[in-house]
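Asker: Quick one: sequence plus predicted model below, questions after.
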Amino acid sequence: MLSLERVTKVYRLGAFGLQKLIAIRDVSFEIGEREIVSLIGESGSGKSTIGKLILRLTPITSGTIRFEGTDVSTLNGLSLKEYYRRVQGVFQDPFASFNPIFKADRVFRMVRDEFYPQVGMREWNEKVEGALRAVGLNPPDVLNKFPHQLSGGQLQRFLVARALLLDIRLLIADEIISMLDASTRVDVLNLLADLKARGLSILFITHDLSLGYYISERAIILYRGRIAEMGPTDKIYNRPLHPYTEMLMESVPRLDRKWEEEVRIERKAALTGSVPGGCVYADRCPKAMDICTREEPELKEAETGHFVACWAR
Amino acid sequence: MLQVENLTVYYKTIRGYVQALEKATFTIADGEIMGLAGESGCGKTTLGHSLIYLRPPMNYIGGRVVLDGRELPIWDMEKMQEFRYRHISLIPQYAMNALNPTRKIGKMVAELLESRGVSYSEILPELKRRLDLVQLTQDVLKMYPIELSGGMKQRMVMVISTLLNPSLLIADEITSALDVSTQKAVCEMLVEFRDRGFVKSTIIITHDISILYQIADSIMVMYAGQLSEKAPTEVVFQDPRHPYTRMLIGSLPKVGVRYQEERLRGIPGSPPQLLNPPPGCRFRDRCPVAFGRCTEVPPFLEISPGHSVACWRAF
């Protein structure tokens, strides 16, 4: 449904944009029909950049993103509007997504004004109520309220309901539950699972590994703008192949297993951005060999559907 | 050893008092790392801060705090000065971003120690030993905070705040802004500092319960300003007695659990307003086993050694 082919994004920084930051480099992956894919990475890995590129919030530097066969970067005017009917995003901070001086349900009215001006008010209100129920909200409780009168979980579900009003096929969910409390977090996660059952595909961007496991069939591990490993979630979690993924799986605080005694303090900070030449993880990798600093490993299929970019494999 | 009895702290607002912390009674033993968990707005940060820096709009309403046998004058900002940093140390949330950007780290530490009447040159050898211990080079003292990564800054903050071997360290969300690999290193430092006797008791305030499972000796759960349960970590996970604790733990995604096989459930509803909270147990409205008695506030009672709970159903 959606495919990325060797997508690269370079940000220009500093005075006159003289410095370059390669946020992601040569990233290729696909999202199929009715599939939830987790995009997992630490801060600065470029995971949000990928979401923004798919949503066309920032221009692509090179490579192509195709949605149902069409190159997304060629869209404009009406065809772009049509694209947004099918692809929508929800972001991390629900409070920042709403204008605090307007009532929260204004977002629904804006969708109507923009996309469905021909739909009658009564019919529209029914549609809104239907969407709110679909995300597990009781319409009378949440309509006609200001954002500060609603909880973070409710606002986040509001935004998903807004996306549902459009005829969407793909939802980009960028850290949508990291600001929610544990008790409401799982409700939003379950909601994503329900949406999938209704035929949606979801790109679930997160830094929290346990959430990725709960919700997704496939996971992509990103490190400094490169895909380190990609494959079925249970394989990635139970038998990681890339040393970086191994380190992540060891350090993630789990509820079923205590940390090993061995302390591995990272001597070097993970740098932001990617540089060509050698493996991006080589400077922190315990298994680094000569070749790792000279040549960059390509993403290779190690077993069916499980890809890894590492010379040691 | 920290003993807290009936500590009550309200926030004063123009509409009245927000009852953020209601009659908290608990103890922390020497060498104990206690995790303080709960949802946003449950009063966990209020509790942590009131032990060291109780300033308006926080209002001291009542209760006693005893540290190593001495009562702390927590209601008196001036008198508490004697205890701050020497006996109780606080790492507030985002502390690592609050390092003065215009000062080299060594200079900043020197200024801090001077303000407490401690000589920097006398303590320098110990400071260097501790930097080695947390695998920071001694050169960091000559660097500006901007030259350090998030994990390094957080380790530096921890070294600074425990330099005078306080009896109690309160660490507020110190891992939440870090990547998983640095998170683990910072957590292990907390344990090591305890093992080496740099701090006696530690309170870790966090919303991330899986971190507490890894390093805390005991966990105290709060809900809407009231203590719900305190027990050794294993007991909290194996045999939680408060319905809120049980539901909270049940809602956590674990590696190995997927929605197709085991659908986790959240807790329906939301916490009550603390401005004029309903009488009785504040979890009542969301509680599946609530009954008539719950309109009375349940006492926080010890039901087995080290395991206290505030629920009528548990007694």
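Answerer: That came through fine.
Asker: What parts of chain A come near chain B?
Answerer: A:42-43, A:151, A:181-187, A:189-190, A:193, A:207, A:209-211, A:213-215, A:233, A:237, A:247-248, A:251-256, A:258-259, A:263-267, A:269-270 (CB under 8 Å from any CB of the partner chain). (Glycine included, C-beta is placed from N, CA and C.)
Asker: Mark which of those are buried, thanks.
Answerer: Neighbour-count burial (16 or more other CB atoms under 10 Å in any protein chain shown) is assigned, among the residues of chain A next to chain B, to A:42, A:151, A:181-187, A:189-190, A:193, A:207, A:209-211, A:213-215, A:233, A:237, A:247-248, A:251-255, A:259, A:265-266, A:270.
Asker: Out of those, which sit inside helices?
Answerer: In this view, those that belong to helices under DSSP state H are A:182-187, A:189-190, A:193, A:209-211, A:213-215, A:233, A:237, A:247-248, A:251.
Asker: pretty sure A:K81 is touching A:F115, no?
Answerer: Yes. The criterion here is CB atoms under 8 Å, and A:K81 meets it with A:F115 at 7.4 Å.
Asker: So between these two, which is more surrounded?
Answerer: A count of neighbours by other CB atoms under 10 Å in any protein chain shown puts A:F115 above the other of A:K81 and A:F115, at 16 against 12.
Asker: ok so A:I65 is a strand residue?
Answerer: Yes. Checked against DSSP: H, G, I helix; E, B strand; the rest coil, A:I65 lies within a strand.
Asker: who's it bridged to?
Answerer: Note on A:I65: beta-bridge partners by DSSP bridges are A:L4.
Asker: list the contacts for it?
Answerer: A:2-5, A:7, A:53-54, A:71-73 (CB atoms under 8 Å, 6 or more residues apart in numbering or on different chains).
Asker: All the helices of the chain, residue numbers only.
Answerer: Here I'm looking at chain A. Under DSSP H, chain A gives helices at A:47-54, A:77-86, A:106-115, A:121-134, A:139-142, A:152-165, A:182-197, A:209-215, A:233-238, A:243-251, A:290-294.
Asker: Switch to chain B, please.
Answerer: B:44-50, B:77-80, B:105-115, B:120-133, B:150-161, B:180-195, B:209-215, B:233-238, B:243-250.
Asker: Name the residue closest to the centre of the chain, please.
Answerer: Unless you meant another one, I'm taking chain A. The centre of chain A sits closest to A:I205, judged by CA atoms, centre = their mean, with a distance of 2.6 Å.
Asker: meant chain B actually
Answerer: The centroid of chain B falls nearest to B:I205 when counting by CA atoms, centre = their mean (2.9 Å).
Asker: Quick check: bridge partners of that one?
Answerer: Beta bridges link B:I205 to B:L36, B:D172, judged by DSSP bridges.
Asker: Thought B:I170 was touching it, still the case?
Answerer: Yes. Assessed by CB under 8 Å, B:I205 is found in contact with B:I170 at 7.1 Å.
Asker: Need the residues touching each of those two.
Answerer: Counting by CB under 8 Å, 6+ apart, the shared contacts of B:I205 and B:I170 are B:G48.
Asker: residue in the stretch 1-150 of chain A nearest to chain B?
Answerer: Across the stretch 1-150 of chain A, the shortest distance to chain B (CB to the nearest CB) belongs to A:E42, at 4.0 Å.
Asker: Leaving out chain neighbours, which residue sits closest to that residue?
Answerer: Spatially, and ignoring its direct neighbours in sequence, A:E42 is nearest to B:D179 (4.0 Å; CB to CB, 6 or more residues apart in numbering or on different chains).
Asker: again with A:R12
Answerer: Nearest one to A:R12, counting by CB to CB, 6+ apart, is A:K20 at 6.2 Å.
Asker: Can I get the helices of chain A in JSON lines including mean pLDDT?
Answerer: Formatted as JSON lines, the helices of chain A follow (pLDDT from 0 to 100):
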{"stretch": "helix A:47-54", "mean pLDDT": "93"}
{"stretch": "helix A:77-86", "mean pLDDT": "92"}
{"stretch": "helix A:106-115", "mean pLDDT": "91"}
{"stretch": "helix A:121-134", "mean pLDDT": "91"}
{"stretch": "helix A:139-142", "mean pLDDT": "87"}
{"stretch": "helix A:152-165", "mean pLDDT": "87"}
{"stretch": "helix A:182-197", "mean pLDDT": "87"}
{"stretch": "helix A:209-215", "mean pLDDT": "88"}
{"stretch": "helix A:233-238", "mean pLDDT": "91"}
{"stretch": "helix A:243-251", "mean pLDDT": "89"}
{"stretch": "helix A:290-294", "mean pLDDT": "88"}
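Asker: now those in CSV, with distance to B:I28?
Answerer: Formatted as CSV, those follow (distance: least, CB to CB, whole Å):
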stretch, distance to B:I28
helix A:47-54, 39
helix A:77-86, 54
helix A:106-115, 46
helix A:121-134, 45
helix A:139-142, 41
helix A:152-165, 31
helix A:182-197, 24
helix A:209-215, 29
helix A:233-238, 36
helix A:243-251, 27
helix A:290-294, 47
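Asker: quick one, strands of chain B?
Answerer: Here chain B has its strands, by DSSP state E, at B:2-13, B:16-28, B:33-37, B:58-67, B:70-71, B:88-91, B:168-172, B:201-206, B:218-223, B:226-232, B:301-304, B:307-309.
Asker: Turn those into JSON lines, columns for mean pLDDT and distance to A:G225.
Answerer: JSON lines is the format used below for these (pLDDT from 0 to 100; distance: least, CB to CB, whole Å):
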{"stretch": "strand B:2-13", "mean pLDDT": "95", "distance to A:G225": "45"}
{"stretch": "strand B:16-28", "mean pLDDT": "94", "distance to A:G225": "43"}
{"stretch": "strand B:33-37", "mean pLDDT": "96", "distance to A:G225": "35"}
{"stretch": "strand B:58-67", "mean pLDDT": "95", "distance to A:G225": "45"}
{"stretch": "strand B:70-71", "mean pLDDT": "94", "distance to A:G225": "54"}
{"stretch": "strand B:88-91", "mean pLDDT": "94", "distance to A:G225": "32"}
{"stretch": "strand B:168-172", "mean pLDDT": "95", "distance to A:G225": "33"}
{"stretch": "strand B:201-206", "mean pLDDT": "95", "distance to A:G225": "30"}
{"stretch": "strand B:218-223", "mean pLDDT": "96", "distance to A:G225": "38"}
{"stretch": "strand B:226-232", "mean pLDDT": "97", "distance to A:G225": "44"}
{"stretch": "strand B:301-304", "mean pLDDT": "95", "distance to A:G225": "52"}
{"stretch": "strand B:307-309", "mean pLDDT": "97", "distance to A:G225": "49"}
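Asker: Redo these as a markdown table? Include distance to A:G199.
Answerer: Shown next, in a markdown table, are the strands of chain B (distance: least, CB to CB, whole Å):
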| stretch | distance to A:G199 |
| --- | --- |
| strand B:2-13 | 47 |
| strand B:16-28 | 45 |
| strand B:33-37 | 38 |
| strand B:58-67 | 51 |
| strand B:70-71 | 64 |
| strand B:88-91 | 48 |
| strand B:168-172 | 44 |
| strand B:201-206 | 38 |
| strand B:218-223 | 38 |
| strand B:226-232 | 41 |
| strand B:301-304 | 50 |
| strand B:307-309 | 45 |
